[in-house]
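Undergrad: I would like the atomic coordinates for the input below:
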Amino acid sequence: MLSARGSCAVSSEWIDPTASSATRHPKATRPGDLRSLRCGLMEGPSSDSRLVALERRVMAVARLSRRGELDGPGALSGPVLFQYPGRMAPSVQSAIFDAVLPALPDEATVLDPFVGSGITLDAARLRSLEFTGVDINPLAVLICAVKAGPLRVGEFVWRAVETGMVARSDRRLQPDCRFDGMEKWFREDVAIDLGRLRRAILKAGDESTRDFLWVCLAETVRRVSNSRVSTCKLHMRTLDDVRRPLAVIDEFEVVAERFAGRLGEYRRGLPDGADGPCRPVRLVCGDVRSVDQAVLPQRGFDLVITSPPYGDNHTTVPYGQTSYLPLRWIPASELARITNSRHPATAYQTDTASLGGSMKAPAGRAEPESEALAATLQHLSQCPADRAKRVQRFVADLDHCLERVVDASAPGAVQVWTVGDRHVGGRRVPLRKIFRELAASRRLEFVGSITRALPSQRRMAVCNQHAPRIATEDSLVFVAPPTR
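TA: Numbering: from 1, shown residues only. You can find the predicted model right below:
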């Protein structure tokens, strides 16, 4: 896959191949312009020289990251829809895309097996790349579905206003939505207004418009529930905070206006316009370990770029808890239409189904090949028994994901995995080193790494109160073998 992009001449004026924005090149004003400019980097016929060139570009991005030059959002980045936890840095991912794309074919296909809120989807769309995203969390798939388009922003704005008007005229006092714990997490007056919005959205526009409105409702639910917004976990607000004045429909309208504005700005930067991508986007709600082979065909992807969890969700970032309340307000029929999935039965179901969420070892799978893991488990043997077991199960599940992804990677494909070390039982779990060993056992060749210091608010999101905060994360770059 490290093959030349054909005959393509390019001006030497392209100074920085790691630029995160097309504006850094005097002749590139749109993301699509970068694709032709990149062709000039593919000089020389040998795969060895191209691998060296890729390594140089990765090192250049690493230097920018160390100097803090990639700390901002980046000129080429997508909209924030819902305050999704543990988001990757758009500027870093954008720089990584621009560094690795010269090593890929012209019509490269991209896979993110942990797509989350869609940072990689944004980067792929801004560069007119075919994209497949997988996530076990239905809310993540819903957010990405809105970004995938069509982006009829004017229609979104009008329907949001109409939804507010219809909700205000609704005099029913039943929310038409019941689930365990509803009375705990929502005041009665708040639940009534959320029910009115829910009924109004069901009457609104076409499917893409309703998808947008459901995301707006999800963010509204996050803001007006009795769960604190300062943590990813379900955690009751103080009594004074629960009693705070709330105007739920007003809040929804503010969210919708803000999200529509962000989508409008995003649409203006897209090379493929507002009516959906010219390159296919496929979104799948499921576990990458078990999704159908039609989703992850053998040798199907030229670029894998992702950030898996750094540990089991229960003790790192509980994505399932974050999304549980917002998802409960989306009707089952709509959730099935958008994500082909059901409501999680409990707040913990999604996290339990995620990597390391279950202590049960699957039958017939060999233990991961990692000396660093073996040493870590030995160190954890002095801790309560569940500590070592938790790490062992998580790494085994991560290795299973890696196996599926490697099988789905084309020969010579580039893979970028963003990971970070964490602490369990007071001991550091060197996930970076462990993952490199797992990758080596799958014949992936390590190219380089890009270290990023995490902002303080992100550090809190990826830790628990009993462990040191995760201060940095590394984007590890690999190349798949040219033959299998």
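
Undergrad: give me the sheet partners of the lengthiest strand in the chain and which way each runs.
TA: Longest among the strand segments of the chain by residue count, using DSSP state E, is strand 409-419. Neighbouring strands of strand 409-419 in its sheet, by DSSP bridges, are strand 301-306 (parallel), strand 472-479 (antiparallel).

Undergrad: could you dump it to PDB, C-alpha only?
TA: Extracted in PDB, the C-alpha atoms of strand 409-419 (Å, rounded to 0.1, in the frame of the first residue of the first chain):
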ATOM      1  CA  SER A 409      -6.000  -3.800   6.600                       C
ATOM      2  CA  ALA A 410      -4.600  -3.800   3.100                       C
ATOM      3  CA  PRO A 411      -1.000  -4.800   2.500                       C
ATOM      4  CA  GLY A 412       1.200  -1.900   3.400                       C
ATOM      5  CA  ALA A 413      -1.700   0.000   5.100                       C
ATOM      6  CA  VAL A 414      -0.900   2.600   7.700                       C
ATOM      7  CA  GLN A 415      -2.300   2.300  11.200                       C
ATOM      8  CA  VAL A 416      -2.300   5.000  13.900                       C
ATOM      9  CA  TRP A 417      -3.400   4.100  17.400                       C
ATOM     10  CA  THR A 418      -3.600   6.800  20.100                       C
ATOM     11  CA  VAL A 419      -3.100   5.200  23.500                       C
END
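
Undergrad: tell me the average confidence for that strand?
TA: Averaging pLDDT along strand 409-419 gives 96.

Undergrad: and what of stretch 429-447?
TA: Stretch 429-447 comes out at a mean pLDDT of 96.

Undergrad: ranking the strands paired with strand 409-419 by burial, who's on top?
TA: strand 301-306 (a mean of 26; mean count of other C-beta atoms under 10 Å). From N, CA and C alone the C-beta is placed, and that goes for glycine too.

Undergrad: same for the next helix or strand after it, what does it pack against?
TA: Later in the chain than strand 301-306, the nearest helix or strand by DSSP states H and E is helix 319-328. Under the contact definition 3 or more C-beta pairs under 8 Å, 6 or more residues apart in numbering; DSSP states H and E, helix 319-328 sits against helix 138-148, helix 207-224, helix 349-353.

Undergrad: rank those helices by pLDDT, which is bottom?
TA: helix 349-353 (a mean of 86).

Undergrad: right, and the strands paired with strand 409-419 - which one's nearest Gln349?
TA: When those are compared for distance to Gln349 using C-beta to C-beta, the nearest one is strand 301-306, at 22.6 Å.

Undergrad: got the CA positions of that closest one in PDB?
TA: What follows is strand 301-306, C-alpha atoms only, in PDB (Å, rounded to 0.1, in the frame of the first residue of the first chain):
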ATOM      1  CA  PHE A 301      -8.700  -0.500   4.400                       C
ATOM      2  CA  ASP A 302      -5.600   1.600   3.600                       C
ATOM      3  CA  LEU A 303      -5.600   3.700   6.700                       C
ATOM      4  CA  VAL A 304      -6.700   2.800  10.300                       C
ATOM      5  CA  ILE A 305      -6.700   5.800  12.700                       C
ATOM      6  CA  THR A 306      -8.300   5.500  16.100                       C
END
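
Undergrad: average pLDDT across that strand?
TA: 97.

Undergrad: same question for stretch 81-90.
TA: Per-region confidence: stretch 81-90 scores 84 on mean pLDDT.

Undergrad: how about the helices in the stretch 1-150 of the chain?
TA: 31-38, 47-66, 90-100, 119-126, 138-148 (DSSP state H, counting those that start in this stretch).

Undergrad: next: the stretch 351-484 of the chain.
TA: Using DSSP H, counting those that start in this stretch, helices in the stretch 351-484 of the chain cover 371-380, 385-408, 431-441, 456-461.

Undergrad: to Ala99, which of those lies closest?
TA: helix 431-441 (18.4 Å).

Undergrad: pull out the buried residues from that closest one.
TA: Within helix 431-441, the residues that qualify as buried are 431-439, counting by 16 or more other C-beta atoms under 10 Å.

Undergrad: which other helices and strands does it contact?
TA: Secondary-structure packing of helix 431-441 (3+ C-beta pairs under 8 Å, 6+ apart): helix 371-380, helix 385-408, strand 409-419, strand 445-453, strand 472-479.

Undergrad: Trp417: what's it in contact with?
TA: By C-beta atoms under 8 Å, 6 or more residues apart in numbering, the contact list for Trp417 reads 304, 306-308, 435, 439, 475-476, 478.

Undergrad: what do you get if the cut-off is 6 Å, keeping everything else the same?
TA: Trp417 sits next to Leu476 when contact means C-beta atoms under 6 Å, 6 or more residues apart in numbering.

Undergrad: returning to what we had before: okay, the strands paired with strand 409-419 in CSV with distance to Leu335 next?
TA: Below are the strands paired with strand 409-419 laid out as CSV (distance: least, C-beta to C-beta, whole Å):
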stretch, distance to Leu335
strand 301-306, 24
strand 472-479, 31
